[in-house]
Structures are given as structure tokens and as C-alpha cells.
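Chemist: sequence and predicted structure below; questions after.
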Amino acid sequence: MAMAACSVRLLAAAAHRRGAAAFLHSPRRPVACSLSFPRGHGGIRGRAGLSSISLPSSASSAQGHAPFNLLPPDSEPFIQWDALPPQDTSAGGAGAGGREEGPALVVLLGWLGARQKHLRRYADLYRDRGVGSVRFVVPVRELLGLDLGRRVERRVADLSAEIAAWCDADRSRTLLFHTFSNTGWLAYGAVLENLQSRADIIERIKGCIVDSAPVLEIRPEVWAAGFSAAMLKKSSSLTGPSADSPDGSALNGALNKVTSVSELTKPSWGETFLLSTLQKFFEIVLHLPDVNRRMHKVLSVLSDKQPPCPQFYLYSSADRVIPAECVESFINMQRSLGLSVSAHNFVSSPHVDHYRSFPHLYSAKIDEFLKVCSLVSV
């Protein structure tokens, strides 16, 4: 397993080699990652201390950055609490208008390889609406170790404990979850599993927003696509607009220098090789008895035991990581259970890029859902 994980990392690095000359020639220095929880968020503390991990050498310079970085810098926590916004008790503010609940908290569960800075813009979106936030990220390397994701499970357990402590501090506090890609969605399922014995907290979950997910089935090709996109980041063809997108790269601000959609949708030989290797890797790993059992346990919670709160799915037909038909199939399944489910198809925006592609529309959809959840009165 260690050899397979090592091969995955080497292949991804090879896919970047031609475009990373500056990185390869820059001075190297070791990087250490301290996995400690942030301080100063109202007395909330993690249930368990996390040890430091020494990482392989990486490098950066003022002019460039490493294109293939599996772990965040040592100054970045995996769980980040943001200060609660001031509660507006005026007639028209959030938390007013007859709403009986106290402060609301959105739990932002990032996509694989997301950084805290990526989730910050979503935290700001909610802060402007009077909702506090806690951000959770999962670096790629956390899921490529010999423990097969158990460290991630422990981090989710710590997050669950911190959420429970926050709720216990004030019985009027309420929760909202906003997940990204299948990684964030599965983390949400693990949090729900951890809180199964806390019905008092489950009933305070007022809504869940699922961005660019889910795929309920255990499909190696989907996992391979997600890991490849997380490893290669902007260099991945999977993070660009679909070839079927009528607007092409004009919709994606990060890729607006590309003049042809075909340049984005055609993978390099390195990416093709990486995808193939990852798919073979996950065909083995995802069917290991222990991994398969743990996955089905979480998926069972997400499919059959979700809280009775409204659900909102934000997806795109142009998503080349999470197929739109998988999202729509799950939506229909949840509706068949009698749950309140709404959705919006952005049609042409890439994977986890709907907010950047359509900031005003995305914000408007969030506002609509917050009203449905009675979390704002506007």
C-alpha cells in the first residue's frame, strides 16, 4: 500500500514536470505541519491533541509556488473557527423578525485538497448574513497514508466534539452544514454518525447545502477523478469547463487566459496516466473489507438517516468530477423519503466552481435557502 501511495505521488509530480521548472530549481527546505487547533474561538477546544508530522521537502519562492503540494503549510490548521458576527437585533437583521433561535453556525466542509483560504470566501458570505462559521479541510495526503483514512476519521471526530461543545454552551444555538464535493459530503456523514447519540444536537441542524456532490455509489473512477483534480489543481483538465459548455472558459475567472475549451478538456499524457493509475489503486483500496465497511456505514447514514431539515443541492451539468446524473438520482431518492429537497443546476460551471463562476446567482440561492431554513429574515 505504501508503494502504491508513493507511486501516485510520483505520477502526479511527473504530470507537472514540464510546467514546474522554476519550482524544481528553487532552494529546498523542509516543511513541518503542526496540526493544532486554533485558539480564541470562545473557549472551544479539540477533544484530542494532534501530533506534528514531518513532511518531505518542498519549496516555494516569491515568484512561484509548488504545483503539487499534498499538505497545507505549517501555519494552517485543519479546523478553523471564525469569530461569530455581531448579532443584529434590529427589526430587519439576521436573528430578528421573530426568530427564536440564538446564534447560527455554518460548518464548511471543504473538498479534497481545499485550503482554509479557499473556504474563507464562503465564510465571509455567511458572515455578511449574520451566520458564524467553522472551516474544515482535508489535505490529499491524509487519505493516501497507510492508515487508509483513519487519521481523517479522528479529525472529523474532533470536529464533531467541538461542534457539540459549541452547541452545549447555549441551547438556543443552531447549525447549518455546507459541504463541497464528495469529500465534504462524506465528512458530513461522518459528523452525523458521530452525533447519532445526540438527538438534541441533530434536531438543531436547520439545513444542509451540498455543493458539487454527491455520488452515492462507491465508484473508483469518481475517486480517481477527485484525487487527480486535487493533486493537479489548476493544471487538471477536470477543473475546467466541459467541452459541452456553451460559454467555455469565459465563465471561469481562474482559466480566462485559455482561448480554447479543447485545451482544458484534453488531458496531458501525465494526467491520463495518473487517472489510470489512481483508478486501479482505488479499485483495490475501496474494496478492502475494512475500508468498504466504513464507507458503507457513512453512506448508509447519508442515504437513510439524514436529519429532517431542508437539503439544497448545487451542481452543474458541466462538472467533470461528479456526474450530474448521480446528483439528480440522489435528489430523487431523498425526495422519495419525504424530505424537503431543492436543487439548482448551474449548467456550465466546473467542479466546486459555481460561486466563482456565478457569484451573484450563488449568493442569491444561498439567501433563498437561508430563508427556507428560517436562519435569516430579510
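Modeler: Nice, thanks for sending it over.

Chemist: ranges for the helices of the chain?
Modeler: 2-16, 21-24, 116-127, 150-168, 181-194, 199-202, 220-232, 261-265, 269-285, 289-304, 324-336, 354-357, 359-372 (DSSP state H).

Chemist: elements contacting the fourth one?
Modeler: It refers to helix 150-168. Here helix 150-168 is seen to pack against strand 79-81, strand 104-112, strand 132-138, helix 181-194, helix 199-202 when contacts are counted using 3 or more Cβ pairs under 8 Å, 6 or more residues apart in numbering; DSSP states H and E. Where you see a C-beta, it was placed from the backbone N, CA and C, and this is true even at glycine.

Chemist: just the CA atoms of it, as PDB, please.
Modeler: Output of helix 150-168 as PDB, limited to C-alpha atoms (Å, rounded to 0.1, in the frame of the first residue of the first chain):
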ATOM      1  CA  ARG A 150      -8.300   6.700   9.900                       C
ATOM      2  CA  ARG A 151      -6.500  10.000  10.700                       C
ATOM      3  CA  VAL A 152      -9.200  11.800   8.800                       C
ATOM      4  CA  GLU A 153     -11.800  10.000  10.900                       C
ATOM      5  CA  ARG A 154     -10.100  11.200  14.000                       C
ATOM      6  CA  ARG A 155     -10.100  14.700  12.800                       C
ATOM      7  CA  VAL A 156     -13.800  14.500  12.000                       C
ATOM      8  CA  ALA A 157     -14.300  13.100  15.500                       C
ATOM      9  CA  ASP A 158     -12.500  16.200  16.900                       C
ATOM     10  CA  LEU A 159     -14.600  18.500  14.800                       C
ATOM     11  CA  SER A 160     -17.800  16.700  15.900                       C
ATOM     12  CA  ALA A 161     -16.700  17.100  19.600                       C
ATOM     13  CA  GLU A 162     -16.100  20.900  19.000                       C
ATOM     14  CA  ILE A 163     -19.500  21.300  17.400                       C
ATOM     15  CA  ALA A 164     -21.100  19.500  20.300                       C
ATOM     16  CA  ALA A 165     -19.300  21.700  22.800                       C
ATOM     17  CA  TRP A 166     -20.400  24.900  20.900                       C
ATOM     18  CA  CYS A 167     -24.000  23.700  20.900                       C
ATOM     19  CA  ASP A 168     -23.900  22.700  24.600                       C
END
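
Chemist: let me see the contact set for the closest residue in space to residue 208 that isn't next to it in sequence.
Modeler: The shortest distance from residue 208 to any residue other than its chain neighbours is 4.5 Å, reached at residue 177 (Cβ to Cβ, 6 or more residues apart in numbering). Neighbouring residues of residue 177 by Cβ atoms under 8 Å, 6 or more residues apart in numbering: 106, 107, 109, 188, 191, 205, 207, 208, 209.

Chemist: go with 6 Å
Modeler: In this structure, residue 177 makes contact with 107, 188, 208, judged by Cβ atoms under 6 Å, 6 or more residues apart in numbering.

Chemist: most neighbours, which of the residues you listed?
Modeler: The most neighbours of any of the contacts of residue 177, using other Cβ atoms under 10 Å, belong to residue 188, which has 27 neighbours.

Chemist: now it. Nearest residue, chain neighbours left out?
Modeler: Nearest in space to residue 188, with sequence neighbours left out and distances taken as Cβ to Cβ, 6+ apart, is residue 179 at 4.8 Å.

Chemist: beta partners of the one you found?
Modeler: For residue 179, the residues forming beta bridges with it (DSSP bridges) are residue 109, residue 210.

Chemist: now for it, how many residues are close by?
Modeler: 26.

Chemist: renumber starting at 10 from here on
Modeler: Fine by me, first position is 10 from now on; the one you just mentioned is residue 188.

Chemist: what sits against it?
Modeler: Taking Cβ under 6 Å, 6+ apart as the definition of contact, the neighbours of residue 188 are 118, 194, 197, 219.

Chemist: one more time with 10 Å, if that's ok
Modeler: In this structure, residue 188 makes contact with 116-120, 145, 194-198, 200, 217-223, judged by Cβ atoms under 10 Å, 6 or more residues apart in numbering.

Chemist: and if you look at residue 136?
Modeler: Contacts here follow Cβ under 10 Å, 6+ apart; on that basis residue 136 touches 91, 92, 93, 94, 95, 115, 129, 142.

Chemist: out of those residues, who's the most crowded?
Modeler: When the contacts of residue 136 are compared by neighbour count (other Cβ under 10 Å), residue 115 ends up highest, at 27 neighbours.

Chemist: wait, that one touches residue 143, no?
Modeler: Yes. Under the criterion of Cβ atoms under 10 Å, residue 115 makes contact with residue 143 at 7.8 Å.
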